[in-house]
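**Q** please work out how this folds:
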Amino acid sequence: MLARILQVLALAGLLVVYALGAPTRSEAERTWQPAGEPPGASQELPPSQKPDIRIEAVVIHPYQSANVGSQVPGEIEKYFFEEGDAIADGQVVAEIYPRRYQLLVLRAEERLRALEAALKKTEEDARIKEELFDLDATTRQEVVRTKAEAEIARFRVAEAARELDLARFDFDSCKIKAPFAGHMAVRYKQPDESVERSEKVFAIVDSAKVHAVANVPEILLSEFKKGTKAYFVHGPDRKFEGVVDRISKLIDHKSKTKRIYLLLDNSNGELEVGMTGSLHVLK
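**A** Residues are numbered from 1 along each chain as shown. The predicted structure is shown next:
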């Protein structure tokens, strides 16, 4: 009987210990909930800690570039600049041998002078015929004929004048000029090499300003508008601020990206065409 009483007391003690040490349901729930925050809520970072948008494989392009060709066929006599040289707007960069075109100008000038002299004679004949007709010394047919000859002579003079303008234009085109200020990028021909009309002679790039061209995924396009400030980062510590200058209209269906052009000042020449880096926009 005494042994039975001791067993009952021992079991009751265990139950009391368990009851005192077991956490309640509300206490158990508070062990995993963030303090002061309902389950499932996310904490918002302060603006200074928000991550920025970063686009990789951004390439520097010139602000403008051109492959300049010859407007006349011929042989290149000389270049006035080497690759990498700075060129002012309108400067002569290369020259085609001009002798042939100079002779064409002289021939056109001589032809025009001859036709002008012929026109003067036919106009004088027409005037005389009209005076004789007033004196009944010639026929109306003669007057009409001389007036027609004078009119034809005037057309010939006008045509010869246009041919002279064209000959002078071709002669002037022997000097191949820079369409804008920049640097010579490539010489496609060498002196004494022949070139056809419109064939490329040299390439010029304007890199006083440059574009950092990025292929932006379509899910991030809402972050970019004209005038949006962004940074081109090259290397570990080179950061260049610019603004979005152009946005392509089409999305590439394969990569699901659109081209964004970030305009950067490059008057100090720190950025070279072809450099790669990343584009950053702070959210």
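
**Q** which stretches in the stretch 151-283 of the chain count as strands?
**A** Secondary structure of the stretch 151-283 of the chain (DSSP state E, counting those that start in this stretch): strands located at 175-177, 182-187, 194-195, 200-217, 229-234, 238-247, 257-265, 276-281.

**Q** Val186: neighbouring residues, count only.
**A** Counted by other CB atoms under 10 Å, the residues lying close to Val186 total 12. Backbone N, C-alpha and C define where each C-beta goes, glycine included.

**Q** and the residue lying closest to it once chain neighbours are set aside, how far from Ile96?
**A** Leaving aside its chain neighbours, Val186 sits nearest to Ala203 (4.2 Å; criterion: CB to CB, 6 or more residues apart in numbering). Using CB to CB, to the nearest Å, Ala203 is found at 18 Å from Ile96.

**Q** lowest confidence element among the helices and strands of this protein?
**A** Counting by mean pLDDT, DSSP states H and E, the chain has its least confident helix or strand at helix 25-30, which shows a mean of 42.

**Q** tell me how far the residue nearest to Val186 lies from Ser65.
**A** In terms of CB to CB, Ala203 sits 7 Å off from Ser65.

**Q** so what's in contact with the two at the same time?
**A** Here Ala203 and Ser65 share the contacting residues Ala185, scored by CB atoms under 8 Å, 6 or more residues apart in numbering.

**Q** contacts only, for the residue nearest to the spatial centre of the chain.
**A** With distances taken as CA atoms, centre = their mean, the residue of the chain nearest its centroid is Gln64 (4.6 Å). Applying CB under 8 Å, 6+ apart to Gln64 gives the contacts Phe180, Gly182, Val205, Asp206.

**Q** and these as JSON lines, adding pLDDT?
**A** Listed next are the contacts of Gln64 as JSON lines, based on pLDDT from 0 to 100:
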{"residue": "Phe180", "pLDDT": "95"}
{"residue": "Gly182", "pLDDT": "94"}
{"residue": "Val205", "pLDDT": "95"}
{"residue": "Asp206", "pLDDT": "94"}
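
**Q** now for these: which two are most distant?
**A** Greatest spatial distance in these: Phe180 and Val205, 9.7 Å, computed using CB to CB.

**Q** those two - which one has more neighbours?
**A** A direct count of neighbours by other CB under 10 Å for Phe180 and Val205 places Val205 higher, at 19 against 15.

**Q** could you find the closest non-adjacent residue to the more buried one?
**A** Nearest non-adjacent residue to Val205, counting by CB to CB, 6+ apart: Pro62, 4.0 Å away.

**Q** listing partners with orientation, what would you give for the helix or strand hosting that neighbour?
**A** In this assignment (DSSP states H and E), Pro62 forms part of strand 53-69. The pairing partners recorded for strand 53-69 under DSSP bridges are strand 200-217 (antiparallel), strand 276-281 (antiparallel).

**Q** any chance of those in JSON lines, with distance to Ser267 too?
**A** Shown next, in JSON lines, are the strands paired with strand 53-69 (distance: least, CB to CB, whole Å):
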{"stretch": "strand 200-217", "distance to Ser267": "6"}
{"stretch": "strand 276-281", "distance to Ser267": "19"}
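
**Q** distance of the residue nearest to Val186 relative to Ile87?
**A** Distance of Ala203 to Ile87, given as CB to CB: 11 Å.

**Q** do the same with Pro217
**A** Separation of Pro217 from Ile87 (CB to CB): 39 Å.

**Q** show me what contacts the residue nearest to Val186?
**A** With contact set as CB under 8 Å, 6+ apart, Ala203 has these partners: Ser65, Ala66, Asn67, Val68, Met184, Ala185, Val186, Tyr188.

**Q** ok, of those, which come out buried?
**A** When the contacts of Ala203 are checked for burial by 16 or more other CB atoms under 10 Å, the buried set is Ala66, Val68, Met184, Ala185.

**Q** hang on, isn't the last one packed against Asp206?
**A** No. Counting by CB atoms under 8 Å, Ala185 does not reach Asp206; the two are 10.2 Å apart.

**Q** overlap of the contact sets of those two?
**A** In terms of CB under 8 Å, 6+ apart, Ala185 and Asp206 are both contacted by the residues Ser65.
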